[in-house]
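Visitor: A predicted structure for the sequence below; I have some questions about it.
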Amino acid sequence: MIAIMSDLIYRLSPLSVSERTIDAGALIFLQGGPVRVLHIVRTGTVHLVRHQRDGATAVLQRATAEKILAEASVYSDTYLCDGLAVSPTTVSLVPVAHVRRLLEADGSFANLWAAYLASELQAVRKRAEIMSLKTVKAKLGAWLAWNDGALPTKGAWTQLADDIGVSPEALYREIAKGLRAGPLKDE
């Protein structure tokens with residue numbers, strides 16, 4: 001996945017027409033707004049957020065540095081979600097028309113794009129499976145199984161909690177229990 005992403009960013013970067021810096025808490029785009037550019041996150045974190053009828057929000061994507069935000073928007077006229085900067089963020093802007101032309105004209109780029117979309121789909125399915133699990137232990141165990149059994153560095157545990165849909169405190173307790181009992185395992 002890393003090689004695919006690096007190659008894809010390398011191929012898209014020359015098409016960028018500008019960069020934009022966004023403050024934490026600011027919207028990059030709104031649901032229903034016109035899609036004119038593809039956003040490549042250079043620094044920071046952006047969430048793709050869908051608002052539910054009951055007022056709740058669902059985070060559909062967490063795009064960090066060197067990731068593409070809302071890649072499916074290349075095939076849409078309007079955004080289906082909001083793009084929310086959750087930290088100070090810089091994005092490169094690539095006109096969607098340029099991406100569409102490249103997809104039509106360059107078979108190797110189209111194959112690279114398809115491989116990227118397939119890997120993103122696999123990641124979403126893994127996350128959906130983790131989110132369907134009931135306990136913190138089961139969610140953490142599944143995450144560890146898909147990540148070679150290794151926890152991220154301690155500074156990234158809050159992001160891990162967010163990724164598996166638990167509070168940071170619940171994750172810290174489960175990690176502490178697991179460390180006392182030996183290696184954490186999936187249930």
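Guide: That came through fine. Numbers count the residues shown, from 1 in each chain.

Visitor: Would you agree residue 38 falls within a strand?
Guide: Yes. Counting by DSSP: H, G, I helix; E, B strand; the rest coil, residue 38 is found in a strand.

Visitor: who's it bridged to?
Guide: Per DSSP bridges, residues listed as beta-bridge partners of residue 38: residue 94.

Visitor: Next, count neighbours for it.
Guide: Neighbour count of residue 38, defined by other CB atoms under 10 Å: 23. Just so you know, the C-beta spots here come from the backbone N, C-alpha and C atoms, and that holds for glycine as well.

Visitor: Residue 97 - that's part of a helix, no?
Guide: Yes. Looking at residue 97 with three-state DSSP, it is inside a helix.

Visitor: What's the separation between it and residue 36?
Guide: Separation of residue 97 from residue 36 (CB to CB, to the nearest Å) stands at 8 Å.

Visitor: Next: residue 107.
Guide: Residue 107 sits at a distance of 26 Å from residue 36 (criterion: CB to CB).

Visitor: ok, the two, which is more surrounded?
Guide: Of the pair residue 107 and residue 36, residue 36 is the one with more neighbours under other CB under 10 Å, namely 12 against 9.

Visitor: which residues touch the residue lying closest to the more buried one once chain neighbours are set aside?
Guide: On the basis of CB to CB, 6 or more residues apart in numbering, the spatially nearest residue to residue 36 that is not a chain neighbour turns out to be residue 96, at 6.2 Å. Counting by CB atoms under 8 Å, 6 or more residues apart in numbering, residue 96 touches 35-38, 73-74.
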